[in-house]
Each structure stands twice: as C-alpha cells, then as structure tokens.
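J.: based on what follows, work out the 3D shape:
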Amino acid sequence: MDKITQITGFYEALAHLFYSAAIADKSFIRNEKLKIIELVESHWNTKIQNTESKEIIYETLKELISKKESSDGAFKVFETFFNTNSSFFTAELRSTLIKTVNGIANASVKRSKGELIVLGRLHNLLNITS
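T.: As a prediction, this is how the structure comes out:
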C-alpha cells in the first residue's frame, strides 16, 4: 500500500472512530457534531497532496450518517485499521485519540452507557490504563 493510501485510510478510520463515539447512544446531536468539527480543526487537520485531512474525515462522516452505520460497525473499522497499523500509533497519537473521543462523549449533557463502552473499548485497544 502506498503512503498516501495509508494516510487516507488513517483519516477514514478516524472518522469511523469519531462517528462510533457520537452515535453510541443511537443519536448524533448537534453538540457532538460541533465538537467533532472543533477537535478535527485543532488536532486532525493536515494537508495531504491536493486535499486536507479534515475533508476526508467529514466526507467519511457524511457517508456513515447516510448509511446509518452502527456504532459497533464503525468501531470495528477503526479497530481493523489499528490492528493492521499499530506501530504507526505512537503514545502521543494514542493520547490525542483518547482526548478526542472523550471530548465527543462530553459534548452531550451526560455520557451514555454506549459512550462509556466505546471509551472502554478504545482504552483496551490502545492498551491504555487509567
């Protein structure tokens, strides 16, 4: 796989993870959408050849929303990417992922059981203890 395909796949996988966290309670509220935009702009926006990573993330999110993908299905896509490319995920990158998913989960008034499950699965996948 060439480098640009790997990078594009990374941002698509991130979108799946973000979607999984947002839809974990079976609804995708406005505050979660705004939080994703804020976090993508501050942590995940880079220039890739003729496009920006945020565009890859946003387009993937739109596809997931239109397909009404399940939280579990979206998380499994991220999990597969992670397991195939785990050496790419540095300690700093893992920490930023946790902070981002926490931010999405905190965007609603109260964390749901589904959001806590996604956070727990992510911690386990990334081998992070808290």
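J.: contact partners of the host helix or strand of S42?
T.: In the assignment (DSSP states H and E), S42 maps to helix 30-43. Here helix 30-43 makes contact (Cβ atoms under 8 Å, 6 or more residues apart in numbering) with 18, 22, 54, 57-58, 61, 96, 99-100, 103-104, 106-108. Quick note: C-beta positions are derived from backbone N, CA and C, even for glycine.
J.: which of the residues you listed fall within helices?
T.: F18, A22, K54, I57, Y58, L61, T96, K99, T100, G103, I104 (DSSP state H).
J.: show me how far the worst-scoring helix or strand of the chain on mean pLDDT is from its chain's centre.
T.: Sorted by mean pLDDT, DSSP states H and E, the helices and strands of the chain end with strand 47-48, the least confident at a mean of 80. Distance of strand 47-48 from the chain centroid (Cα atoms, centre = their mean, to the nearest Å) equals 18 Å.
J.: what pLDDT, on average, does whichever strand or helix holds L93 get?
T.: Secondary structure from DSSP H and E places L93 in helix 91-105. If you average the pLDDT over helix 91-105, you get 94.
J.: show me what it is packed against.
T.: helix 3-23, helix 30-43, helix 113-126 (3 or more Cβ pairs under 8 Å, 6 or more residues apart in numbering; DSSP states H and E).
J.: out of these, deepest packed?
T.: Greatest average neighbour count among the helices and strands packed on helix 91-105 goes to helix 3-23 (a mean of 21), per mean count of other Cβ atoms under 10 Å.
J.: and that helix with helix 91-105, angle?
T.: 30 degrees (axes from the mean of the first three to the mean of the last three Cα atoms, to 10 degrees).
J.: just to revisit the earlier point, and the least confident helix or strand of the chain, what does it pack onto?
T.: Using 3+ Cβ pairs under 8 Å, 6+ apart, strand 47-48 sits against helix 3-23.
J.: report the angle between the helix it packs on and helix 113-126.
T.: Using the same axes, to 10 degrees, helix 3-23 lies at 150 degrees relative to helix 113-126.
J.: by contact count, what packs against helix 3-23?
T.: Where contact means 3+ Cβ pairs under 8 Å, 6+ apart, helix 3-23 is packed against helix 30-43, strand 47-48, helix 53-67, helix 71-84, helix 91-105, helix 113-126.
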